[in-house]
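[1] quick one, what's the 3D model for this:
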Amino acid sequence: MKSILLAGSVFTLATTIVGAPAMADDHATADDRISALEERIEQLEATNQQLLRYLETLTAQQASAQPVENTATSAPATAQHTATGNDSIERVVHHGGEHDGHHARHQAEYAERFVGLNSTYSYQVLDHAENSNMRQIIQLEAIRDGELDNRVTLGGAITAIANYQTTNSDSKFSWLTRNPTSANQIGDEVSEIVVHSAQLQTTARFTNNITGFVELLYNPEQSFGSGTITGLNRNQVQVRRAYVLWGDLESTPWYAAIGKMDTPFGLNDTVSPFTNSTVWHSFAGLAYGGMVGYYKDGLHVRGMAIQGGSQFRAANTPVEGTNVPSRVNNFALDANYSGTFGDRNTFLVGASYQHGSPYCQEYPIFHFNPCDDNNPAYSVYSRVDLGDLRLIGEYARTTNEWPGTQVPDPTNPLSVFEAEETTSWGFGGRYAFDIGQDSPLYVSGEFSTFIAGDDGAPWERQNQWVLGGSYFITPSVNIFGELIRAEGFAPLNFLTGGNFPDGSTWSERDAQTDVVNFGIQAAF
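    Sure thing, here's the model as predicted:
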């Protein structure tokens with residue numbers, strides 16, 4: 001029927017155009033020709049109106065026969081794929097409860113589904129506590145499971161905290177989640193109600209197997225900027241991570257990424273709801289580079305070529321005796337295997353190696369200073385889930401001594417302490433208690449340590465104990481509380497001295513910090 005109407009419309013239009021000159025003969029008057037032309041125009045209009053009424057009826061019937069999904073929810077919509085060369089463009093029908101009328105009128109018109117939200121994915125990819133260097137796998141699994149079916153997925157997270165801290169040494173607060181600088185923490189007790197961090201993320205599906213990721217971060221409490229947490233230098237927004245990822249787990253176990261990303265070294269996770277382990281602070285890396293990985297049947301192997309010089313976190317390999325990142329001369333390797341045993345039990349074991357760690361500077365030590373030579377590091381780690389109980393453990397160490405951990409001046413009393421390798425290790429557990437609600441109550445305990453110096457040295461070690469509890473109101477909103485004790489004050493900058501005229505060090509082995517911390521981490 002539709003074909004007949006279309007053909008009739010075209011035929012009427014053609015006869016109107018073609019037939020008009022044919023009437024211009026010697027026997028027809030001007031009035032006759034005008035009347036004939038008006039009759040044909042009226043016929044064309046009548047045919048067009050009939051065609052439009054039919055198309056509207058057909059569209060309404062098709063709309064009532066198909067279920068309408070509400071895009072206000074985070075559940076992925078069903079997509080139709082139209083092949084265009086080697087690419088596939090996602091196309092879905094626009095829908096939504098308040099746009100039903102628009103939906104009915106334009107059911108036959110498909111447009112690319114462009115922007116969407118996924119709060120659970122945003123929480124996972126922006127979380128600093130778990131899977132902290134596994135963002136590529138989080139994204140590849142989300143793509144495989146249909147959670148990133150928009151061309152662009154936007155999201156963000158905010159972490160706000162309130163805490164009270166005390167110390168037994170004037171202005172020396174050792175809680176690593178808060179930069180221990182005298183510019184921000186004065187006296188023997190401090191308190192704060194602040195925004196610890198705020199993030200925005202954009203995940204873009206360029207093609208079925210090419211994905212882009214950008215994270216913007218605001219973190220005045222852990223910024224390397226000078227001044228107080230209200231100073232301009234500490235209140236900057238930075239591109240924390242940005243890379244292009246190639247991979248599709250449906251078709252290949254191989255993936256690759258290039259850009260600014262976490263280095264594949266160690267586990268670096270914590271069972272605490274907020275406070276990172278000392279191992280994370282010691283060895284977690286962020287750097288420019290390119291990564292290639294293999295992920296299948298429980299086996300995950302990764303290798304990353306890292307830009308040389310001193311990178312953003314925990315990677316430093318000298319370039320012509322400088323810290324200028326003008327050569328790809330550093331790398332990291334990681335391999336782990338995961339599996340199951342029993343009904344609800346899983347395990348993961350792994351090991352890592354990095355060619356250039358951050359612990360290579362000579363005295364006086366200052367973050368990002370150039371090194372005379374690289375100092376490799378290795379890590380071994382494990383995670384076990386026994387039903388509702390999770391256990392983790394990790395050990396990381398440099399292969400060579402950290403030169404700057406020995407004071408080179410023989411007249412300085414601190415020169416008696418020998419240089420040492422840098423070691424960090426930790427272990428912890430978390431249990432999920434069923435309290436009769438939608439989510440369990442998580443209770444955790446963790447110990448971790450950073451060992452940088454000889455026995456008895458002021459910079460020998462810094463221990464951290466954390467007892468935590470948390471509850472997820474939704475999968476993307478977590479409220480938490482923690483009790484923390486830090487033993488020792490061993491800041492990386494000027495760890496062994498060099499910042500005071502008398503040659504002393506501000507490191508203090510017997511300094512102690514106690515913290516009560518509450519907060520909320522929420523993502524959209």
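[2] so, low pLDDT: which residues of this structure?
    Residues of the chain meeting the criterion pLDDT under 70: 1-38, 40-41, 44-45, 47-48, 50-52, 54-112.
[3] quick one: secondary structure of Thr346?
    strand (DSSP: H, G, I helix; E, B strand; the rest coil).
[4] bridged to it, which residues?
    The residues paired with Thr346 through beta bridges, assigned by DSSP bridges, are Thr340, Asp385.
[5] verify the stated contact: it with Ser382.
    No. Thr346 is not in contact with Ser382 according to Cβ atoms under 8 Å; the separation is 11.4 Å. Just so you know, the C-beta spots here come from the backbone N, C-alpha and C atoms, and that holds for glycine as well.
[6] chain center to stretch 422-429: distance?
    Averaging C-alpha coordinates over stretch 422-429 and over its chain gives two centres that are 24 Å apart (Cα atoms, centre = their mean, to the nearest Å).
[7] likewise stretch 213-230?
    So, by Cα atoms, centre = their mean, the centroid of stretch 213-230 is 16 Å from its chain's centroid.
[8] tell me the SS of Arg53?
    Assignment for Arg53 (three-state DSSP): helix.
[9] any idea how many residues pack against it?
    Neighbours of Arg53 under the rule other Cβ atoms under 10 Å: 11.
[10] over to Gly498?
    For Gly498, the tally of surrounding residues (other Cβ under 10 Å) stands at 17.
[11] can you tell me, leaving aside adjacent residues, what's nearest to Gln236?
    Nearest-residue entry for Gln236: Gly225, 6.4 Å, with adjacent residues in sequence omitted and distances by Cβ to Cβ, 6 or more residues apart in numbering.
[12] next one: that neighbour relative to Leu217, how far apart?
    13 Å (Cβ to Cβ, to the nearest Å).
[13] ok, these two, which is more surrounded?
    Using other Cβ under 10 Å, the more surrounded residue of Gly225 and Leu217 is Leu217, with 20 against 16.
[14] element containing that one, please.
    Secondary-structure assignment from DSSP states H and E places Leu217 in strand 210-218.
[15] in the next helix-or-strand element following that strand, what counts as buried?
    Next in sequence after strand 210-218, counting helices and strands by DSSP H and E, comes strand 237-247. With burial defined by 16 or more other Cβ atoms under 10 Å, the residues of strand 237-247 counted as buried are 240-241, 243, 245-247.
[16] please apply the same query to stretch 360-371.
    Counting neighbours by 16+ other Cβ under 10 Å, one finds that the buried residues in stretch 360-371 are 360-361, 363-365, 369-371.
[17] how far does it sit from its chain's centre?
    Centroid separation between stretch 360-371 and its chain, computed with Cα atoms, centre = their mean, is 29 Å.
[18] swap in stretch 377-391?
    Here the centre of mass of C-alpha atoms in stretch 377-391, compared against the chain's by Cα atoms, centre = their mean, lies 21 Å away.
[19] one more: stretch 328-336?
    Here stretch 328-336 shows a centroid-to-chain-centroid distance of 20 Å under the convention Cα atoms, centre = their mean.
[20] ok, now stretch 141-154?
    Centre to centre, stretch against its chain (Cα atoms, centre = their mean), the figure for stretch 141-154 is 14 Å.
[21] who touches that stretch?
    If you take Cβ atoms under 8 Å, 6 or more residues apart in numbering as the criterion, stretch 141-154 is touched by 76-77, 79, 90, 112-118, 120-122, 139, 200-205, 211, 248-250.
[22] end-to-end on it?
    Start-to-end span of stretch 141-154 (Cα to Cα, to the nearest Å) is 17 Å.
[23] now that stretch: buried residues?
    Under the neighbour-count criterion of 16+ other Cβ under 10 Å, stretch 141-154 has 141-143, 147-151, 153-154 buried.
[24] narrow those residues to those in helices?
    Counting by DSSP state H, the buried residues of stretch 141-154 place 141-143 in helices.
[25] got a markdown table for those, with distance to Ser272 too?
    As requested, these are arranged in a markdown table below (distance: Cβ to Cβ, whole Å):
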| residue | distance to Ser272 |
| --- | --- |
| Glu141 | 24 |
| Ala142 | 25 |
| Ile143 | 30 |
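[26] that older thread, the residue nearest to Gln236 and Gln238: what is the separation?
    When Cβ to Cβ is the yardstick, Gly225 and Gln238 sit 10 Å from each other.
[27] starting at the chain centroid, how far to stretch 319-327?
    Distance of stretch 319-327 from its chain centroid, counting by Cα atoms, centre = their mean, is 28 Å.
[28] what do you get for stretch 157-175?
    Between the centre of stretch 157-175 and the centre of its host chain there is 25 Å, according to Cα atoms, centre = their mean.
[29] how about stretch 470-490?
    Counting by Cα atoms, centre = their mean, stretch 470-490 is centred 19 Å from the centre of its parent chain.
[30] ditto for stretch 216-233
    Using Cα atoms, centre = their mean, the offset of stretch 216-233 from its chain centre is 20 Å.
[31] mind listing what's buried along it?
    For stretch 216-233, by 16+ other Cβ under 10 Å, it's 216-223, 225, 229.
[32] stretch 464-482 too?
    Judged by neighbour count (16+ other Cβ under 10 Å), stretch 464-482 contains these buried residues: 464-466, 468-472, 476-478, 480-482.
[33] if we can go back for a sec, now, which of the buried residues of strand 237-247 sits nearest Gln43?
    The shortest gap between Gln43 and any of the buried residues of strand 237-247 belongs to Trp246, at 59.4 Å (Cβ to Cβ).
[34] picking that back up, now, which of the contacts of stretch 141-154 lie within strands?
    If you go by DSSP state E, the contacts of stretch 141-154 have 90, 112, 115-117, 200-205, 211 in strands.
[35] ok, these vs Asn336, which is closest?
    Here the nearest of those to Asn336, counting by Cβ to Cβ, is Thr211; it sits at 22.4 Å.
[36] and the gap between the residue nearest to that closest one when sequence neighbours are not counted and Gly303?
    The shortest distance from Thr211 to any residue other than its chain neighbours is 4.5 Å, reached at Leu245 (Cβ to Cβ, 6+ apart). Plainly put, Leu245 is 15 Å away from Gly303 if you go by Cβ to Cβ.
[37] go on, Gly356?
    15 Å.
[38] how about the helices of the protein, start to end?
    Taking DSSP H as the criterion, the chain carries its helices at 2-22, 30-65, 100-105, 119-126, 135-144, 278-283.
[39] what about the last one, distance to the chain center?
    Pointing back at helix 278-283 there. Computed by Cα atoms, centre = their mean, the chain-centroid distance of helix 278-283 equals 18 Å.
[40] again with the fifth one
    The chain centre lies 11 Å from the centre of helix 135-144; the measure is Cα atoms, centre = their mean.
[41] contacting residues for the nearest residue to Asn233 once chain neighbours are set aside?
    Leaving aside its sequence neighbours, Asn233 sits nearest to Gly225 (Cβ to Cβ, 6+ apart; 3.5 Å). Going by Cβ under 8 Å, 6+ apart, Gly225 touches 231, 233-236.
[42] try it again with 7 Å
    In this structure, Gly225 makes contact with 231, 233-234, 236, judged by Cβ atoms under 7 Å, 6 or more residues apart in numbering.
[43] which one of those is nearest Glu446?
    Scanning the contacts of Gly225 for proximity to Glu446, where the rule is Cβ to Cβ, the winner is Arg234, at 27.7 Å.
[44] so how far is Leu126 from the closest one?
    When Cβ to Cβ is the yardstick, Arg234 and Leu126 sit 20 Å from each other.
[45] more neighbours: the two, which one.
    Leu126 (25 against 22).
[46] hmm, that one is touching Phe524, no?
    No. Contact criterion Cβ atoms under 7 Å: Leu126 and Phe524 do not qualify, at 10.3 Å.
[47] about what we covered before: need phi/psi at the residue nearest to Gln236.
    In terms of degrees, to the nearest 10, the main-chain angles of Gly225 are phi -70, psi 160.
[48] contact partners for Ala457?
    Contacts for Ala457 were tallied using Cβ under 7 Å, 6+ apart; they are Phe417.
[49] can you do 10 Å?
    If a contact means Cβ atoms under 10 Å, 6 or more residues apart in numbering, then Ala457 has 405-407, 414, 416-418, 420, 490, 495-496, 505, 507, 509 as its contacts.
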